[in-house]
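Chemist: pasting the sequence and the predicted coordinates here, then a few questions.
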Amino acid sequence: MSFQPTDPITGTAQTGLTTPTYSVALDSPPANNAKQYYVYGLGGTQTGVAVHSVSLPFTLAMWRPLSFKVLQPVNPVTGVLQNVPTNVYKVITRKGVVPLAGQAPRNLVITTMIEVPAGADVADPNSIAAAMSAHIGLLSQQSANIGNTTKNGAL
């Protein structure tokens with residue numbers, strides 16, 4: 001199945017938020033190789049957090065390559081694969097934040113970029129799945145700690 005978040009999205013643990021959920025709806029994507037959702041509702045306790053608006057965007061998007069790259073044949077003399085291109089996917093979250101009370105909002109941007117070597121989707125799909133599982137599991141497991149680091153700078 002393709003990128004299709006279910007409504008609502010259950011947020012992960014974060015200091016200052018209690019059982020956060022995010023109601024999402026399909027949005028117009030910024031490009032034809034993207035799919036985007038906007039947050040229209042909040043659940044749990046999220047004091048001071050705003051849903052999507054023009055001035056304070058709150059969107060979740062996934063991008064795929066505009067054109068997929070494939071492997072070229074190996075060198076007939078050496079048998080070596082000369083060039084392995086990558087297909088790049090991105091998951092991007094945008095959230096309008098206020099840098100200082102009374103000031104204009106700015107966008108906070110979170111980008112996860114996934115670079116898959118061409119051919120690995122066929123030759124080693126389970127390793128791709130394992131990498132995704134570990135990466136997303138780490139983000140989920142360490143969600144509050146990552147959030148705290150972005151607020152207090154302590155790694």
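Modeler: Done, it's in.

Chemist: please pull up the helix or strand immediately following the strand or helix carrying Q36.
Modeler: Using DSSP states H and E, Q36 maps to strand 34-45. Downstream of strand 34-45, the first helix or strand assigned by DSSP H and E is strand 58-63.

Chemist: what strands flank that next one, and is each parallel or antiparallel?
Modeler: strand 34-45 (antiparallel), strand 86-97 (antiparallel) (DSSP bridges).

Chemist: just send those strands back as CSV, with mean pLDDT and distance to H52 too.
Modeler: C-betas here are computed from N, CA, C, even on glycine. Formatted as CSV, the strands paired with strand 58-63 follow (pLDDT from 0 to 100; distance: least, Cβ to Cβ, whole Å):
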stretch, mean pLDDT, distance to H52
strand 34-45, 96, 4
strand 86-97, 96, 8
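
Chemist: dump these to TSV, plus mean neighbour count and distance to L155.
Modeler: Below are the strands paired with strand 58-63 laid out as TSV (neighbours: other Cβ atoms under 10 Å; distance: least, Cβ to Cβ, whole Å):
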stretch	mean neighbour count	distance to L155
strand 34-45	17	27
strand 86-97	16	21
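
Chemist: please identify which of those is closest to G147.
Modeler: Taking Cβ to Cβ, strand 86-97 is the member of those nearest to G147, at 12.2 Å.

Chemist: then that closest one to CSV, C-alphas only?
Modeler: Output in CSV follows, covering the C-alpha atoms of strand 86-97 (Å, rounded to 0.1, in the frame of the first residue of the first chain):
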residue,chain,number,x,y,z
THR,A,86,19.9,6.2,-6.0
ASN,A,87,16.2,6.8,-5.9
VAL,A,88,15.5,9.4,-3.2
TYR,A,89,12.3,9.5,-1.2
LYS,A,90,11.4,12.1,1.4
VAL,A,91,8.9,12.5,4.3
ILE,A,92,8.6,16.1,5.2
THR,A,93,6.6,17.7,8.1
ARG,A,94,6.1,21.4,8.2
LYS,A,95,4.8,23.2,11.3
GLY,A,96,4.4,27.0,11.7
VAL,A,97,6.1,28.1,14.9
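
Chemist: so can I have CSV of the strands paired with strand 58-63 showing distance to D124?
Modeler: Output for the strands paired with strand 58-63, formatted as CSV (distance: least, Cβ to Cβ, whole Å):
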stretch, distance to D124
strand 34-45, 26
strand 86-97, 14
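
Chemist: looking at these, spot the one closest to T78.
Modeler: With Cβ to Cβ as the criterion, T78 lies closest to strand 86-97 of the strands paired with strand 58-63, at 22.1 Å.
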